[in-house]
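J.: Sequence isn't available, so here's the structure alone:
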């Protein structure tokens, strides 16, 4: 059972290899929820197989750059990702961001419970209705409670089992795919960029997780660069394969739910493939709930600076967050796809400007040099209690997205002039990053 929580991990307690990050992020993506995300290319954005795969691959390749850059922060600083955000926003200024990230963790866990529950019900009818959702939630609890090392060990095992199942299903799907569909190249620019954005956001949404899974690694020469490539390779390969499978299923069986389509595609082994991917979900869920518990402890410690969280606090937060995810998942069962795409739209708005500020601060301005103990002081040390200019820059990053955003209930005024293409996250990355760097350099010159 892991006893360290949000406080710095001493060098004497560091363990593991950087290459372990590959299996962690590979297995985290090898779930049915990733398959669902890949199905959005044809099902929601109206793309043919070739255009859908191209959009998904490019989106993951680009989005994972921003995600994997956070990996170096774990070995260097030894604290969870959202604790490190106090270095940009201040002790209290980081609170709204952490709250949003906690809601994100709950949303991902709830989505996984719904997809896993539906898959279990298809293979084993005894789990029909909400029973499958409950089982996924219960199976999530053990690795969450065990903590960091258990999640890493389970990831290595899950990686081998999941990749065999996914590659087998892709082979069956391509074997039964109609040649006329392979020759079909229908799609629009807006649809292509929509699928590209969803897959890029899939990676960026992992950004608050990344250093949580690398903070126990030894801080050695080159560990940051190695952590980047291990994380990048694992998350890109792990996401692209099931997303390709999702596109195949959506085009081959457009009228069937995901579980039924996957079962038919795999033939006699279809139900086994479906069961393997369903039972991989608790591991991905464990990462969401585990990281959410660390964020929740960070919130408590913000207002009780002298309190030092331990195993008991982490376990209590784990149960509370998993309970919240279970309640949300039971409400999403009826119309999951609509609820899930709306959830992704919200993630895009709140996470992109945060990751721009965090990465610019770490790599371009401070070059990884932070006073880690100041993150836990009541006054925030050199980072202060509330960094109002940075909070305003973050809000600006959210606001600049609105004219370019295209979601279900809302379309920005500039989307029509862009032929329906949603470029809100690209605009936010650029504007937020540039404004933050200009402000920080100006403060540095004034301080000098």
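T.: Received, thanks. Keep in mind the model is a prediction, meaning the values are calculated, not measured. Residues are numbered from 1 along each chain as shown.
J.: give the contact list for residue 299.
T.: Residues in contact with residue 299, defined by Cβ atoms under 8 Å, 6 or more residues apart in numbering, are 95, 98, 99, 102. Just so you know, the C-beta spots here come from the backbone N, C-alpha and C atoms, and that holds for glycine as well.
J.: The same query, at a cut-off of 6 Å, please.
T.: residue 98 (Cβ atoms under 6 Å, 6 or more residues apart in numbering).
J.: Residue 21 contacts residue 230, doesn't it?
T.: Yes: judged on Cβ atoms under 6 Å, residue 21 makes contact with residue 230 at a distance of 4.1 Å.
J.: more neighbours, these two?
T.: residue 21 (30 against 24; other Cβ atoms under 10 Å).
J.: Nearest to the middle of this structure, which residue? Look it up for me.
T.: residue 206 (2.7 Å; Cα atoms, centre = their mean).
J.: which SSE is the residue lying closest to that residue once chain neighbours are set aside in?
T.: In this structure, residue 206 finds its nearest non-sequential neighbour in residue 67, 4.9 Å apart by Cβ to Cβ, 6 or more residues apart in numbering. According to DSSP states H and E, residue 67 maps onto helix 49-69.
J.: Following the chain onward from that helix, which element is next?
T.: Assigned by DSSP H and E, the successor of helix 49-69 is helix 73-77.
J.: and the helix or strand following that next one, average pLDDT?
T.: Per DSSP H and E, helix 73-77 leads on to helix 81-84 as the next helix or strand towards the C-terminus. Averaged across helix 81-84, the pLDDT comes to 91.
J.: Give me the contact list for helix 81-84.
T.: By Cβ under 6 Å, 6+ apart, helix 81-84 touches 6, 73, 77, 98, 101, 208, 211, 212, 295, 298, 375.
J.: Can you tell me which of those residues end up in helices?
T.: 73, 77, 98, 101, 295, 298 (DSSP state H).
J.: neighbouring contacts of stretch 141-154?
T.: Against stretch 141-154 from outside (Cβ under 6 Å, 6+ apart): 1, 2, 20, 216, 283, 286, 289, 290, 315, 318.
J.: follow-up on the earlier one: farthest pair in the contacts of helix 81-84?
T.: 77 and 101 (17.3 Å; Cβ to Cβ).
J.: which other helices and strands contact the strand or helix carrying residue 107?
T.: Following DSSP H and E, one finds residue 107 within helix 95-123. Where contact means 3 or more Cβ pairs under 6 Å, 6 or more residues apart in numbering; DSSP states H and E, helix 95-123 is packed against helix 32-43, helix 131-146, helix 258-265, helix 270-303, helix 311-332, helix 336-359.
J.: Compare those helices and say which comes out lowest on pLDDT.
T.: The bottom spot among the helices and strands packed on helix 95-123, by mean pLDDT, belongs to helix 336-359, with a mean of 77.
J.: Beyond it, next helix or strand please.
T.: Criterion used, DSSP H and E; the element after helix 336-359 is helix 388-399.
J.: Next SSE downstream of that next one?
T.: Immediately after helix 388-399, counting by DSSP H and E, sits helix 424-447.
J.: List the buried residues in that next one.
T.: Of all the residues in helix 424-447, those buried under the rule 16 or more other Cβ atoms under 10 Å are 424-429, 431-433, 435-437, 440.
J.: same deal with stretch 285-302?
T.: 285-299, 301-302.
J.: That stretch: how far from the chain's middle?
T.: Its chain's average C-alpha position is 14 Å from that of stretch 285-302, according to Cα atoms, centre = their mean, to the nearest Å.
J.: Same question for stretch 312-332.
T.: 18 Å.
J.: Quick one: low-confidence residue ranges for the stretch 51-200 of the chain.
T.: Counting by pLDDT under 70, the ranges of the stretch 51-200 of the chain that qualify are 178-183.
J.: before we move on, back to that, name the stretch among the helices and strands packed on helix 95-123 that sits most buried.
T.: helix 32-43 (a mean of 26; mean count of other Cβ atoms under 10 Å).
J.: by contact count, what packs against that one?
T.: helix 49-69, helix 95-123, helix 189-204, helix 223-252.
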